[in-house]
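Q: Need coordinates for the following:
(one chain, ligands or ions: 2)
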Amino acid sequence: MSLSLSADQPAAPADADDGVWLECIACGETFAPFADIRYTCDECESLLEVRYDDLPTLEDFAGEGQGVWRYADTLPLDAGVSIQEGATPLYDVPDLEDDIGLEALRIKHEGMNPTGSFKDRGMTVGVAVANELGVDRLACASTGNTSAALAAYGSRGGMETLVLLPAGKVAAGKIAQASLHGARILEVDGNFDACLDIVQELAGQGEAYLLNSLNPFRLEGQKTIGLEILEGFLADYDTVPDRIVLPVGNAGNTAALYKAFRELVQAGALSRDEVPKLVGVQAEGAAPMVEAVENGADEVRRWDEIETRATAIRIGNPVNAPKALPGIRETGGTAISVTDEEITAAQRDLAGEGIGVEPASAASVAGLRKLRAEGVVTEDERVACLTTGHLLKDPDAAAAAGSEPEPVPAETAGVLEHLEH
Ligand SMILES: Cc1ncc(COP(=O)(O)O)c(C=O)c1O
Ligand SMILES: N[C@@H](CCOP(=O)(O)O)C(=O)O
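A: Residues are numbered from 1 along each chain as shown. Ligands and ions are numbered 1, 2, ... in the order given. Sure thing, here's the model as predicted:
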């Protein structure tokens with residue numbers, strides 16, 4: 001089955017388990033979902049997706065469960081290892097909306113999840129599947145947020161966790177989280193992509209269960225971001241957004257949102273033309289997806305030299321590109337890169353609306369501003385920007401972008417005198 005936006009319904013193969021199976025996105029080979037551990041296709045090594053024989057519409061989600069698990073009908077299990085993830089705010093930002101010049105702008109702030117990033121939506125599902133598979137050690141490579149979420153959900157699920165981080169390139173808040181939640185932290189003398197290569201090898205040797213976004217079950221939880229955005233726009237504007245702009249690193253969210261919308265099209269809940277355009281934003285110093293989109297390529301070129309202040313998206317080899325590139329192309333979206341200075345300016349813009357985000361998150365707003373200035377995004381559009389992680393994840397970046405504390409004497413007169421200057 002291809003990754004096109006088609007209304008064709010998948011038919012369950014014999015190895016489906018309760019209407020759920022895994023399917024290779026390249027050769028179409030199918031696998032029973034929980035019989036063995038696999039992350040990629042046995043036949044051609046391409047990425048796998050979870051498939052369902054009964055696809056729900058938005059109405060099917062009304063009122064049941066909480067957060068991510070309100071969408072259990074579109075997930076591979078009925079319940080997960082949960083810390084109440086999902087149901088994040090969809091903020092209005094009137095000043096920013098005017099300033100950028102749009103009909104409507106909303107910020108879906110994923111920093112309001114339990115560990116402060118969207119990764120929780122994936123982990124609640126991924127760790128539950130790990131339980132189902134009977135594994136006892138979980139592992140990931142991480143620029144920080146995945147490790148924080150894995151550590152928290154793993155410890156709640158009673159499993160050992162191992163995280164591989166690029167030494168010196170992970171923000172302080174994220175290391176603190178992984179550490180306190182009890183992960184074993186290995187600092188690798190290499191970048192994120194090198195860490196992921198190692199974790200894939202460890203997982204391949206059966207040393208641990210891999211919970212990066214290469215794991216098809218994890219992305220199922222992340223689909224719920226898209227469903228919540230659609231429901232929020234339908235409630236407030238009686239229509240779905242024209243565009244969703246999101247930061248891109250390993251391209252898991254781009255793949256997950258596209259899958260959520262594809263499934264709604266297959267369920268007959270959304271027409272092809274209604275699907276929001278997906279716009280990926282990367283930092284200039286780590287922009288292999290942007291390069292591929294600009295060149296109309298079907299594959300990304302791995303960037304070995306990468307650098308950006310937005311350490312969460314300091315990634316040169318987005319593993320989900322084979323799922324995400326069709327998502328951008330089929331929805332009529334695009335990809336754009338922004339400078340670190342543009343990212344910091346957008347971080348300040350969001351802070352001015354009371355929304356605290358880490359640098360990578362602000363890339364979405366920086367990219368939207370640029371596309372609006374270039375006329376690619378038009379004034380009459382309704383747009384959702386995804387902000388992926390909380391400000392406190394990277395306190396050093398926040399302090400550098402904000403104002404300096406002013407030393408004053410410990411008495412009122414001295415404070416008043418200081419305030420006059
Ligand atoms: C805060 C933050 N924003 C954005 C991303 C990129 O998301 P994705 O890998 O799904 O493209 C990540 C991690 O990759 C992240 O931690
Ligand atoms: N930003 C990510 C990078 C890893 O992405 P994943 O979605 O494949 O786990 C992180 O927080 O580590």
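Q: Ile185: neighbour count?
A: Using other CB atoms under 10 Å, Ile185 has 16 neighbouring residues. (Each C-beta comes from the backbone N, C-alpha and C, glycine too.)
Q: repeat for Ile83
A: 16.
Q: Now it: closest residue in space, sequence neighbours ignored.
A: In this structure, Ile83 finds its nearest non-sequential neighbour in Pro114, 4.2 Å apart by CB to CB, 6 or more residues apart in numbering.
Q: What is the burial count for the one you found?
A: Applying other CB under 10 Å, we find 19 residues neighbouring Pro114.
Q: Could you list which residues are in contact with it?
A: Neighbouring residues of Pro114 by CB atoms under 8 Å, 6 or more residues apart in numbering: 83-85, 120, 152.
Q: Angles on the backbone of it, please.
A: phi -50, psi -40 (degrees, to the nearest 10).
Q: Let's see the pLDDT reported for it.
A: Note for Pro114: predicted pLDDT of 98.
Q: go on, Gly63?
A: Note for Gly63: predicted pLDDT of 70.
Q: Help me confirm that it is found in a helix?
A: No. Gly63 is assigned coil when assessed by DSSP: H, G, I helix; E, B strand; the rest coil, not a helix.
Q: measure it to Asp298 for me?
A: Look at Gly63 and Asp298: by CB to CB, to the nearest Å, they are 42 Å apart.
Q: what's the neighbour count on the closest residue to ligand 1 within the stretch 51-200 of the chain?
A: Nearest residue of the stretch 51-200 of the chain to ligand 1 (CB to the nearest ligand atom) works out as Asn145 at 3.6 Å. Residues lying near Asn145 (other CB under 10 Å) number 32.
Q: who's in contact with it?
A: 115-119, 174, 312, 388-389, 393.
Q: So the strand or helix carrying Arg369, near ligand 1 or not?
A: Take DSSP states H and E as the rule and Arg369 turns out to sit in helix 359-373. Yes. Applying CB under 6 Å from any ligand atom, one finds helix 359-373 in contact with ligand 1 at 360-361.
Q: got the CA coordinates for that helix in CSV?
A: C-alpha atoms of helix 359-373 as CSV (Å, rounded to 0.1, in the frame of the first residue of the first chain):
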residue,chain,number,x,y,z
PRO,A,359,14.2,26.9,20.9
ALA,A,360,13.3,24.0,18.5
SER,A,361,9.6,24.7,19.2
ALA,A,362,9.9,28.3,18.1
ALA,A,363,11.2,27.2,14.7
SER,A,364,7.6,26.6,13.6
VAL,A,365,6.6,30.2,14.3
ALA,A,366,9.9,31.5,12.7
GLY,A,367,9.2,29.4,9.6
LEU,A,368,5.6,30.6,9.4
ARG,A,369,6.6,34.3,9.6
LYS,A,370,9.1,33.7,6.8
LEU,A,371,6.6,31.9,4.5
ARG,A,372,4.0,34.6,5.2
ALA,A,373,6.6,37.3,4.3
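Q: Give the next helix or strand downstream of that helix.
A: Going down the chain from helix 359-373, the next helix or strand is strand 382-387, by DSSP H and E.
Q: Can you list the neighbours in contact with that next one?
A: 90, 102-111, 118, 225, 229, 232-233, 237, 239, 241-247, 253, 276, 350, 355, 357, 361-362, 364-365, 368, 377.
Q: try it again with 6 Å
A: By CB atoms under 6 Å, 6 or more residues apart in numbering, the residues outside strand 382-387 that reach it are 102-109, 229, 241-246, 357, 361, 364-365, 368.
Q: now it and helix 359-373, what's the angle there?
A: Relative orientation of strand 382-387 and helix 359-373, computed by axes from the mean of the first three to the mean of the last three CA atoms, to 10 degrees: 150 degrees.
Q: what distance separates strand 382-387 from the centre of its chain?
A: Here the centre of strand 382-387 is set off from its chain's centre by 13 Å, with CA atoms, centre = their mean, to the nearest Å.
Q: Sheet-wise, list the partners of it with their directions.
A: Strand 382-387 pairs in its sheet with strand 104-109 (parallel), strand 243-247 (parallel), by DSSP bridges.
Q: Name the residues of the shortest one that are buried.
A: Of the residues in strand 243-247, those with enough neighbours to count as buried (16 or more other CB atoms under 10 Å) are 243-247.
Q: That strand near ligand 1 anywhere?
A: Yes. Residues of strand 243-247 contacting ligand 1 under CB under 6 Å from any ligand atom: Pro247.
Q: anything in that strand near ligand 2?
A: No. Strand 243-247 lies apart from ligand 2 when judged by CB under 6 Å from any ligand atom; the minimum separation is 9.0 Å.
Q: Can I get that strand in CSV? Just the C-alpha atoms.
A: The C-alpha coordinates for strand 243-247 follow below in CSV (Å, rounded to 0.1, in the frame of the first residue of the first chain):
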residue,chain,number,x,y,z
ARG,A,243,-2.0,24.6,7.3
ILE,A,244,-0.1,23.0,10.2
VAL,A,245,3.5,24.3,10.7
LEU,A,246,5.9,22.1,12.8
PRO,A,247,9.5,21.8,13.7
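Q: need the next SSE after it, C-terminal direction.
A: As assigned by DSSP H and E, the chain's next helix or strand after strand 243-247 is helix 252-266.
Q: Show me what that following helix is packed against.
A: Contacts defined by 3 or more CB pairs under 6 Å, 6 or more residues apart in numbering; DSSP states H and E place helix 252-266 against helix 216-237, helix 321-330.
Q: for the shortest one, the distance to its chain's centre please.
A: The chain centre lies 15 Å from the centre of helix 321-330; the measure is CA atoms, centre = their mean.
Q: swap in the longest one?
A: A distance of 11 Å separates the centroid of the chain from that of helix 216-237, by CA atoms, centre = their mean.
Q: which residues sit in contact with the residue most central in space within the chain?
A: In the chain, the residue lying closest to the centroid (CA atoms, centre = their mean) is Asn253, at 3.8 Å. By CB under 6 Å, 6+ apart, the contact list for Asn253 reads 222, 246.
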